[in-house]
Every structure is written in C-alpha cells, then in structure tokens.
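A.B. asks: Okay, here's the prediction I keep looking at, along with the sequence it came from:
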Number of protein chains: 2
Amino acid sequence: MTPSEDFVVTDRGGIVENSHRVHAAVVDAKGRRLYALGNPERMMLARSAAKPAQALAILETEGFAGYGFDDADIALMCASHSSEERHIARTRTMLSKIKAEEADLRCGGHPSLSETVNRSWIKQDFVPTAVCSNCSGKHVGMLAGARAIGAGMEGYHLPDHPMQGRVKRTVAELCDLDVRDVEWGIDGCNLPTPAFPLDRLARIYAKLAAAADGDGAGEGPSTRGAALARIFHAMAHHPDMVAGEGRYCTALMRAFNGAVIGKLGADASYAIGVRASDETRRLGTDGALGISVKIEDGNLEILYAVVMEILERLGIGSPEIRSQLAPFHHPQRVNTMGVTTGGVSFPFKMRGSKADGDDPRLAALAR
Amino acid sequence: MTPSEDFVVTDRGGIVENSHRVHAAVVDAKGRRLYALGNPERMMLARSAAKPAQALAILETEGFAGYGFDDADIALMCASHSSEERHIARTRTMLSKIKAEEADLRCGGHPSLSETVNRSWIKQDFVPTAVCSNCSGKHVGMLAGARAIGAGMEGYHLPDHPMQGRVKRTVAELCDLDVRDVEWGIDGCNLPTPAFPLDRLARIYAKLAAAADGDGAGEGPSTRGAALARIFHAMAHHPDMVAGEGRYCTALMRAFNGAVIGKLGADASYAIGVRASDETRRLGTDGALGISVKIEDGNLEILYAVVMEILERLGIGSPEIRSQLAPFHHPQRVNTMGVTTGGVSFPFKMRGSKADGDDPRLAALAR
C-alpha cells in the first residue's frame, strides 16, 4: 500500500512495516471546521471519549447536587482509570454517597489498564470485581442519576432505562444532532455507548473548553454552561483520577496545567478541548477549540502519536509542554537487546477549511 | 471509511468500529498466482514467518549433521514459542549439542507470548533471559550454522556475518529473487530479518509443502528438497514446539495433522504451506500451495480470522478440521459482563488469476 495523505507509517530499517489510516477534525465551539484529516464525518463509536457528555446528563439530573459529589468524583465519572487503589477507594466512597453498594453496579472486573497494577494483582491472586472496572465512576454516576430522576437503579444500564434516554438526548444536544441521528452500541463496561460523526466529538470538547472560558459561543453562562465548565475543571484539575500513572490522558492534562482536557476512547478515539488563547487565535478562531481523532484500525500507540503530532502542527502548547509528552509522540521502537529497529512517521497532511488553510505545520514552522 | 473489497470490518451494534486492510497471495510451488487480495506484491518484513527459510540456511551448512539435532529441535528453530518449560529446556539441550552457552546468545528476554506463562513468571518474580526468547531455537541454530561454516560464533547476529550472508542468499533463492532484491531490517530478537514481496513468502511455503510431497516442482528430490521436506515434517509433527498451548500455529497444525504447516510473523504476517490433495487440485493446481497474508496495520486477532476465512473460501480442510479452529475464525466479542457487543465480518473479495477465477467462496459453496 502506498502511504497516502491520510496515513501514519511505521518502518523497520526504512522498510514500511505497518500503516494506519487516520481521521481527525479540528472545530470551534460552534462546530465550524478549521482542519480535517481522512474523513472527519466518519460515523464512530466515541466509547469512553463520550464520558464527559454522559457526565453532563448525570450532573443535569434534578437531585444531583444533594449527593455531595466533589470535583474529583466528577473526574472519576469521566475516567477510564487504571484501577489504582485511589480509584477503587473513591469508587467505594462515591457508592456510599448515594447509599448504593457494589452489587448494584452492572459492570464487570477486568485486567487493569496499568501493567504495574496487573502485576500486583497477579502476585496477590486478586480477582477484580465491579468497583475495579475502569468505568466504575461512570457507573456510580449513572446509578446516582437514575435515583435522582426517580427512575430506580434497577436496569440503569439498559438502553430503554429513562436515565439512558436522558444520556442520548444530552449527547444529541451537545452534538447539535437530532436524537434519532445518534446510534447506540453496547460498551465494554455494559452501558450503551453513542455513535455519531467524528467532528461532533470535537464539537463537544470545544463546548466544554468554551464553557470553562465562560464563553457563550458554546453553551453560554446558562445552567448547562456551568455544568460543562465544572466537568472541564474537574478533569483538568484531577488528571490522576481520569487515567493513572504513566497513562497519556493523565500526562497530557498535567503538562497542560488546566489549558486542555483530553480523553481516550477504546478502539483508538481521542478528544481534546482547548481553552481560548493566543494559540487558538493564531489558528483563526476567537474562542476555544475541539480536536477529535480516530485511528481506523483501533491502534492505541499510533493514536497517542497522532494526537501529539496534531498538537505540534497546530502549535498548541509550548515546546516545553510538548517535550514532556515526547515518549507518546515518538515511541521508541527498540528490540529485546535495546537496538532501535525503526520509527513512526507522519506523512499525513491536514486540510484547512479556508482557501489558504494549508497544513498548519507550515504556519507552525513559520512562527 | 467505506469498507472496500480489501477490508475486514469489526462492528459494535451494527456500527463499524474498526476496519483493517488485508493483503494476501495464493500461489503454487512455481510461484504461479492463483488468488490475490489487496496488494499481493506488497514489500513486507516476513519476520518470524521467514524462520523456515532461515532454518534451511542452517540445515544446509556443511557440518550441520554432526550436531545431532532432531526434528523437534528443527521445529524449535522455526518457532515463535511461548517460553513454556519444554521450550526453554529444549533450548538448553540444543545449546549443549553445539557446546555453547546461554551467554553466547545475542537475543534478550521478554514477556512470554503466553499469558499463562507470564502469570507464573510474575508470581515467581522470574526475570526472563535469552533462553526464554521466543526465538531461542533460531538463535541456537544460527550459532550452530556459524560454527559449522567455521566463521565463529562471535557476531553471528550481525548483517555482515558470513552466516547472515548465507541466510540472505538462501532466502533470495527460495524467493527466486536476486539477492540484491531482498532487504534487511533488524528483528525484535536482534537478528536481521528479510523483506521481499508478499507473494514470495507464499512461494517459499509452497516449496516447503511440495518438497514434503517429494514433488520436483518446488526444489525437487535434490539435497535442498530433502532439507525443505525435513523442515516441513519437523514443523507439522511438532506443532507444540512451533508456538505453544492455545496458540494459533499449534492449533492449526494439530488440526490439519501433517497436511499443512503454518507460521506467524510479528506485525501480522502469516504463511501456510499446503500439501497436494484433491482440495488443492480443485483450485486449479496439480501440486502444493502456499498462502501468505499481511494485515496492513499489524493486528494479530484479525490476522488469524482472515487466515481462517481464506482457508474456508479455498475449501482447504474439512469442515470438521476448520471447526476445531472456529474461535480464531470468529473471535467472540463479549464485554466484561459477558454480553456480545459485535463481531468480525469479511466483506473482502479474492481475485482469481484466470478469467473465470472468481472468489473461491462461490466454488466452495457449490461443492
């Protein structure tokens, strides 16, 4: 296969080993597309990248405030965490806040997303249960939402439960889509997971960042705007809750120190919300930005490298900030004897929406 | 991305989750192409699928017979084994046959390809060393070859060592290519690994199977033919040495009981040699067949499913044989609560080389 303009390529000794098709969209909070790669309208399952939108549906239930969830709890609702002890402990505390028990959860245990945690589990013959699910925070949130709307916790995870109906409507509203245009799959954690075009995922994250800016371009200073801003700040200020030690989402949000949020979805989707700054203004918008990426074949290592390459081309974050994330951008390809065998390159070209909107790498290099 | 004729697709609730481009070639021992998929001439790194060709270069060294290697040893030379105790023990025995030591090996330890073995290593705080490398048999073979040709074991793994020069020439001869048309990368185990067009990999395996048939169409009843036949039979009769419990190569060769050999290469290449039978004759050849497959993005789960789909469409193996391998053909996509979330489908269409050579699925269904 000749690598085309939409591909990432790995090599071994200069010979193409694998190639990976990439789709991406860069939009503002009104959904205006600034840059695209591959098919920015690819219908896709956002998986865990949809968690902030699912969290919004929870935060907007009438009785939510009464539970006393704090910002770290909200960050855990948006998490695909590593099942570290702090994540499991917080899950249990959140359950106690809504007077629910682990047995009420309808997710299952699985190996941790952290190899360190896994090794310790194996050494202890530990069998992970529902509170260890990387999605445990979202599940407690759904239980809370189900109870808050008086629909009962039973069956909270089923597509026809009123809480999931709310989630679907909320997702559709954030996407500026009719609810009939959002589709459902069943996620790894057993909750329904929404499907919609990739650029709509970028729009959701642009709205989250715009709300954090207090910018009416997204959802404004409304009740919804306040909830979106709370979610953004919860994630940005508790990056350790959103993923875990050594994981990309945590490293990204630590490095950017409140300026961006980023969230992984399984099978290689990613979304980033970027608050307004001189950097976003240079790209031709006066507000926040959203970025969404999907690797066609679901490869996570390639996903992180592509997200970093796009941030660099867009000139988002200082070189100092991005250098903290360099191992994700240029993953070392060394063999069992420590010899470098090849690398990852990015022949893709981003398309601008304007006549003069060429690959932002040129603009970035010109600065 | 609209799935085209060269793709495998995974879905979640009927929505396309990932797609994977596939390349494949089906050839006879003279290299005549019977069927193709994607780009059958894609330049590719055969990785461990090249091991039988590397083993041939070892078997053809003048002093090889004196070491007393048996067929299970030769199978281990062709292996990407799971580092089970039997594999490590045999590696040590092979080292003693050539009066070498583990310290002479230039490969490194790594986590086992078997999760069962890994768990037991973690429980014991075991740190794998060179004899545990999944390529340990190949490395002992290279040491043996280096010593047999009097070139010395030092630096046996380097591209300019005389033994590696022999390997490259042998690979080129099996491919019917000029040696200058075979390229080198460095493998995960630190040996040079050859790159050549995908359909040449199928040709190598067709020659291995033809040699097992005693068929001169490959390399004939020559010295080389006898060595190729020995490699085929060693792999076919010691499938437990070539991979390990639960692994595809082992399961495939057990199920086919001597009629085929199959070998994985890292980053999702696969090669199969099929001895002549009524099944191969139905496909329009009077001799053995070779099949090679490469998944463009390196996904192993998809690779095994595609190999099974191709075997089914070609009508190779009875339904009873293929049913033993069904979990590889149709991998279960269930979530942490045991709910089926989607599946893998094979919209690809194989192209025949003859005017009437359509997708063999039609022929298979007509039987």
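C.D. replies: Arrived safely, thanks for sending.

A.B. asks: what residue is smack in the middle of chain A?
C.D. replies: A:Lys263 (2.0 Å; CA atoms, centre = their mean).

A.B. asks: which SS class is A:Arg21?
C.D. replies: strand (DSSP: H, G, I helix; E, B strand; the rest coil).

A.B. asks: How about it: which residues does it bridge to?
C.D. replies: A:Phe7 (DSSP bridges).

A.B. asks: Could you look up the SS state of the residue nearest to the centre of chain A?
C.D. replies: Here A:Lys263 is recorded as strand under three-state DSSP.

A.B. asks: check contacts around A:Arg193.
C.D. replies: In this structure residue A:193 is Thr, not Arg. A:Thr193 sits next to A:45-47, A:50, A:184-187, B:12 when contact means CB atoms under 8 Å, 6 or more residues apart in numbering or on different chains. Where C-beta positions appear, they are placed from N, C-alpha and C, glycine not excepted.

A.B. asks: Next, the contact list for the nearest residue to A:Gly258 once chain neighbours are set aside, please.
C.D. replies: Spatial nearest neighbour of A:Gly258, excluding adjacent residues (CB to CB, 6 or more residues apart in numbering or on different chains): A:Ala236 at 4.7 Å. Contact partners of A:Ala236, counting by CB under 8 Å, 6+ apart, are A:212, A:253, A:256, A:258-261.

A.B. asks: Now, those residues that are in strands?
C.D. replies: Assigned to strands by DSSP state E, the following of the contacts of A:Ala236 qualify: A:260-261.

A.B. asks: per-residue confidence at A:Arg351?
C.D. replies: pLDDT recorded at A:Arg351 is 94.

A.B. asks: Kindly state the beta-bridge partners for it.
C.D. replies: For A:Arg351, the beta-bridge partners are A:Ala36 (DSSP bridges).

A.B. asks: That one contacts A:Leu37, correct?
C.D. replies: Yes - contact criterion CB atoms under 8 Å: A:Arg351 and A:Leu37 qualify, at 7.0 Å.

A.B. asks: Neighbour count: these two, which is higher?
C.D. replies: A count of neighbours by other CB atoms under 10 Å in any protein chain shown puts A:Leu37 above the other of A:Arg351 and A:Leu37, at 25 against 17.

A.B. asks: Leaving out the residues flanking it, which one is nearest to that one?
C.D. replies: Counting by CB to CB, 6+ apart, A:Leu37 lies nearest to A:Ala24, which is 4.0 Å off, once chain neighbours are set aside.

A.B. asks: Quick one: classify the one you found as helix, strand or coil.
C.D. replies: With three-state DSSP as the criterion, A:Ala24 reads strand.

A.B. asks: so how many other residues sit close to A:Cys175?
C.D. replies: For A:Cys175, using other CB under 10 Å, the count is 23.

A.B. asks: Now for the closest residue to A:Val260 other than its chain neighbours: which residues touch it?
C.D. replies: Nearest non-adjacent residue to A:Val260, counting by CB to CB, 6+ apart: A:Val274, 5.0 Å away. Counting by CB under 8 Å, 6+ apart, A:Val274 touches A:206, A:209, A:259-260, A:280, A:288-291, A:316.

A.B. asks: And for A:Pro40?
C.D. replies: A:23-25, A:33, A:197-199.

A.B. asks: Filter the contacts of A:Ala236 down to the buried ones, ChimeraX style.
C.D. replies: A single ChimeraX command selects the buried members of these (16 or more other CB atoms under 10 Å in any protein chain shown):
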select /A:212,253,256,259,260,261
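
A.B. asks: quick one: average pLDDT of stretch A:276-296?
C.D. replies: In this model, stretch A:276-296 has a mean pLDDT of 95.

A.B. asks: Where does whichever residue of the stretch 201-350 of chain A sits closest to chain B sit: helix, strand or coil?
C.D. replies: The nearest approach of the stretch 201-350 of chain A to chain B comes at A:Thr336, 3.3 Å away (CB to the nearest CB). Secondary structure assignment for A:Thr336 (three-state DSSP): coil.

A.B. asks: Just to be careful, could you list which of the contacts of A:Thr193 are in strands?
C.D. replies: Members of these lying in strands (criterion: DSSP E): A:45, A:184-186, B:12.

A.B. asks: can you redo the contacts of A:Ala236 as JSON lines with pLDDT?
C.D. replies: Listed next are these as JSON lines, based on pLDDT from 0 to 100:
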{"residue": "A:Ala212", "pLDDT": "97"}
{"residue": "A:Met253", "pLDDT": "98"}
{"residue": "A:Phe256", "pLDDT": "98"}
{"residue": "A:Gly258", "pLDDT": "97"}
{"residue": "A:Ala259", "pLDDT": "98"}
{"residue": "A:Val260", "pLDDT": "98"}
{"residue": "A:Ile261", "pLDDT": "98"}
